[in-house]
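Novice: attaching a predicted model along with its sequence, questions to come.
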Amino acid sequence: MPFRRPSLIDLIRRARAELGPQVLRRSVEAVLARVLPGAVHGLHGHIAWFGRQVLPDKVSGIQLVRWARMFSKTRIEASESSGIALFAVDEGTVADPAIPIGHRARDDRGYTYVVTEYQPVDYGAGFRTVTFEAEATGAAQNLDGEEPIHLLTPLTGVTSPGAAFGDLFTEIPPFKWTGGADREEDRELRTRLLDRMAQEALGGAPGHYVTLALRGGALLAWERPEESGDGTVAVYLADITGPVAGVDPGGALAGVITSQVAPIQAYLDEHAPITVDVTASSVATANRSLSVAITPDNADVREQVELELRAMFVREAIAQGPGNTIPVSRIQEAISLAEGLESHVLSIPSSAWTAAAGTVLASATITWL
């Protein structure tokens, strides 16, 4: 059954009832029976707030931003409006630029703007155009066409006010100044997040076929569009075997057997867009040779080096997939992480390892020097 948060009065009544009927009204106990419920009521409030942050339909603040980031959504920040303004000028008294960059103006509501660019557009004798940008962010500065723009400091030969004329290069003026936006509120970001969660972006977008393979039962999957020509997608499948306690990822990457490929292929055929030829197959694994001298050289340190290299191969394979490249620096780093190792000298490889298409680098044969 749902939990009903007790009110402050309920908590006070409970505390007084616990003390019994003989408590004097001005006693320490009576005071505590009112003070402690206040603290408990605050804790109930914090728990109630935290409960709203657990699921995204009620989340707010920084927790909402974290939820949104997990679905590749970010809060839309406030931005400044900008646009072109047209001013009448006395051709005989002005020299271009008639309105210099940095000159300020305001609209009828008091919002201020600054000139950012002179527009050498021939709009007829007796007129000049300049680009203004709002000095503050917000949608309120998106002016309608022909709204008056007043220069804060008069300029010789320039008639003020001028008029907002939008963008002379893309539209027929006058039209609105654009670009100004208010900072996205929690309710707006939450709506976008819930829409994204309810309507997952698939339809052949990047990551679609990996998502389908995972839903079909794959542990690891990578997609390679057009690897076999136009209209094709290759999906490679892999598994992690021999997990090692305390190591993340703790195991070795390996391909999958044919009986595991078949049901995933069937799921892809059923759910993938009908215009695409999707083929699932096991990823191939490649082994490389590695020669290293370690100090101290004993069985325990060797085991730790092997463990760190094993984890490195899985990390790099998961991150890049088939055709992965492992630079020498990553190999050096993995060896250096081995517990008990003081120093090492890596002789082989001397250059980066690169796997072929459909193959991942997954292991190394170590020669101890």
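Specialist: Received it, and whenever you're ready, just let me know what you need.

Novice: buried sites along stretch 57-75?
Specialist: 59, 60, 63, 64, 65, 67, 68, 73 (16 or more other CB atoms under 10 Å). From N, CA and C alone the C-beta is placed, and that goes for glycine too.

Novice: oops, could you answer that again for stretch 261-273 instead?
Specialist: Residues of stretch 261-273 classed as buried: 261, 264, 265, 267, 268, 272 (neighbour count, 16+ other CB under 10 Å).

Novice: helix or strand right after the longest helix along the chain?
Specialist: Longest helix in the chain by number of residues (criterion: DSSP state H): helix 28-54. Note on helix 28-54: by DSSP states H and E, the next helix or strand toward the C-terminus is helix 61-70.

Novice: just the angle between that following helix and helix 28-54, please?
Specialist: 20 degrees (axes from the mean of the first three to the mean of the last three CA atoms, to 10 degrees).

Novice: quick one: mean pLDDT for helix 61-70?
Specialist: Helix 61-70 carries an average pLDDT of 86.

Novice: for that helix, packing partners?
Specialist: Other elements packing on helix 61-70 under the criterion 3 or more CB pairs under 8 Å, 6 or more residues apart in numbering; DSSP states H and E are helix 186-198.

Novice: could you export the very next helix or strand once past the helix it packs on as PDB, CA atoms only?
Specialist: Using DSSP H and E, the helix or strand that directly follows helix 186-198 along the chain is helix 208-215. Extracted C-alpha coordinates of helix 208-215, given in PDB (Å, rounded to 0.1, in the frame of the first residue of the first chain):
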ATOM      1  CA  HIS A 208      20.000   0.700 -34.200                       C
ATOM      2  CA  TYR A 209      21.300  -2.700 -35.200                       C
ATOM      3  CA  VAL A 210      23.400  -3.000 -32.100                       C
ATOM      4  CA  THR A 211      20.300  -2.300 -30.000                       C
ATOM      5  CA  LEU A 212      18.400  -5.000 -31.900                       C
ATOM      6  CA  ALA A 213      21.200  -7.500 -31.500                       C
ATOM      7  CA  LEU A 214      21.300  -6.900 -27.700                       C
ATOM      8  CA  ARG A 215      17.500  -7.300 -27.500                       C
END
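
Novice: what's helix 208-215 in contact with?
Specialist: The contact list for helix 208-215, computed with CB atoms under 8 Å, 6 or more residues apart in numbering, reads 200, 202, 221-223, 233, 235, 237, 264, 267-268, 271-272, 278, 280.

Novice: buried residues, it. List them.
Specialist: Across helix 208-215, burial judged by 16+ other CB under 10 Å covers 208, 209, 210, 211, 212, 213.

Novice: distance to residue 335 added to these, as CSV?
Specialist: Output for these, formatted as CSV (distance: CB to CB, whole Å):
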residue, distance to residue 335
208, 38
209, 35
210, 31
211, 35
212, 38
213, 33
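
Novice: for those, which one is nearest residue 52?
Specialist: residue 211 (29.1 Å; CB to CB).

Novice: any idea how far the closest one is from residue 332?
Specialist: In this view, residue 211 and residue 332 are 35 Å apart by CB to CB, to the nearest Å.

Novice: then residue 204?
Specialist: Counting by CB to CB, the gap from residue 204 to residue 332 is 40 Å.

Novice: now do residue 357
Specialist: Going from residue 357 to residue 332 by CB to CB gives 27 Å.

Novice: cool, and residue 216?
Specialist: 38 Å.

Novice: who's more crowded, the two?
Specialist: Taking other CB atoms under 10 Å, residue 216 and residue 332 do not tie; residue 216 has more neighbours (20 against 12).

Novice: for that one, phi and psi?
Specialist: Main-chain dihedrals, residue 216, degrees, to the nearest 10: phi -80, psi 0.

Novice: pLDDT-wise, what's the bottom of the contacts of helix 208-215?
Specialist: Scoring the contacts of helix 208-215 by pLDDT puts residue 200 last, at 65.

Novice: how about the secondary structure of residue 256?
Specialist: Under DSSP: H, G, I helix; E, B strand; the rest coil, the three-state class of residue 256 is coil.

Novice: what residues are up against it?
Specialist: Residue 256 makes contacts with 218, 237, 238, 239, 282, 283, as judged by CB under 8 Å, 6+ apart.

Novice: where do the helices sit along the stretch 151-300 of the chain?
Specialist: Assigned by DSSP state H, counting those that start in this stretch, the stretch 151-300 of the chain shows helices spanning 186-198, 208-215, 258-271, 299-320.

Novice: isn't residue 98 up against residue 159?
Specialist: No - applying CB atoms under 8 Å as the test, residue 98 and residue 159 come out as separate, 10.3 Å apart.

Novice: more neighbours: those two, which one.
Specialist: Legend: neighbour count by other CB under 10 Å for residue 98 and residue 159, higher for residue 98 (21 against 14).

Novice: is it correct that that one falls within a helix?
Specialist: No - using three-state DSSP, the secondary structure at residue 98 is coil, not a helix.

Novice: roughly how far does it sit from residue 323?
Specialist: In terms of CB to CB, residue 98 sits 60 Å off from residue 323.

Novice: same question for residue 271.
Specialist: 26 Å.

Novice: residue 77 too?
Specialist: To residue 323, residue 77 is 37 Å away according to CB to CB.

Novice: those two - which one has more neighbours?
Specialist: Legend: neighbour count by other CB under 10 Å for residue 77 and residue 323, higher for residue 323 (17 against 10).

Novice: so who does the residue nearest to residue 219 when sequence neighbours are not counted touch?
Specialist: Distance criterion CB to CB, 6 or more residues apart in numbering; nearest residue to residue 219, sequence neighbours excluded, is residue 239 at 5.2 Å. Contacts for residue 239 (CB under 8 Å, 6+ apart) come out as 219, 220, 253, 254, 255, 256, 260.
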